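Engineer: Model the following, please.
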Amino acid sequence: QVQLVESGGGLVQAGGSLRLSCAASGRTFRRYAMGWFRQVPGKEREFVASITWSAGNTYYADSVKGRFTISRDNAKNSVYLQMNSLKPEDTAAYYCAGSMIYSGSYVSALMYNYWGQGTQVTVSS
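Structural biologist: The predicted model follows:
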């Protein structure tokens, strides 16, 4: 079992930055691909970024490419999402997720086995 806890959300002005963190419990964290998703009320959960277990590959939604960076520190059982040049349309609850699937781009939420509770990001114009 893996438990995921997100932190780092908050209110920021457009053009600003935030860094989200996701702390994972369990010794097998390094075996999991990790992803970030976001969701606004009334809409489906949306893929944001993912990173393979070795951090050898990262994937991004077109809407955040060039602005967001996903990274991980397996020694600290943590994954991060650095968000720069934030826009009001980035406002959402952001969720960290872990996947036991060995390979893939990890774009689909169906590929993930574990989810955090989410952290709210609000970008004001």
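Engineer: looking at this, Ser71 is in a strand?
Structural biologist: Yes. Secondary structure of Ser71 (DSSP: H, G, I helix; E, B strand; the rest coil): part of a strand.
Engineer: mind checking pLDDT for the nearest residue to Gln13 once chain neighbours are set aside?
Structural biologist: Nearest residue to Gln13, sequence neighbours excluded (CB to CB, 6 or more residues apart in numbering): Ser124, at 5.4 Å. (C-beta placed from N, C-alpha, C; glycine too.) As summarised for this prediction, Ser124 has a pLDDT of 97.
Engineer: what do you get for Ser25?
Structural biologist: Model confidence at Ser25, expressed as pLDDT, equals 91.
Engineer: next one: the one 5 residues further on
Structural biologist: For Arg30, the pLDDT comes out at 78.
Engineer: ok, and what's touching stretch 40-49?
Structural biologist: For stretch 40-49, the surrounding residues in contact (CB atoms under 8 Å, 6 or more residues apart in numbering) are 35-39, 58-61, 64, 68-70, 81, 91-95, 107-109.
Engineer: average pLDDT for that stretch?
Structural biologist: pLDDT averaged over stretch 40-49 equals 96, rounded to a whole number.
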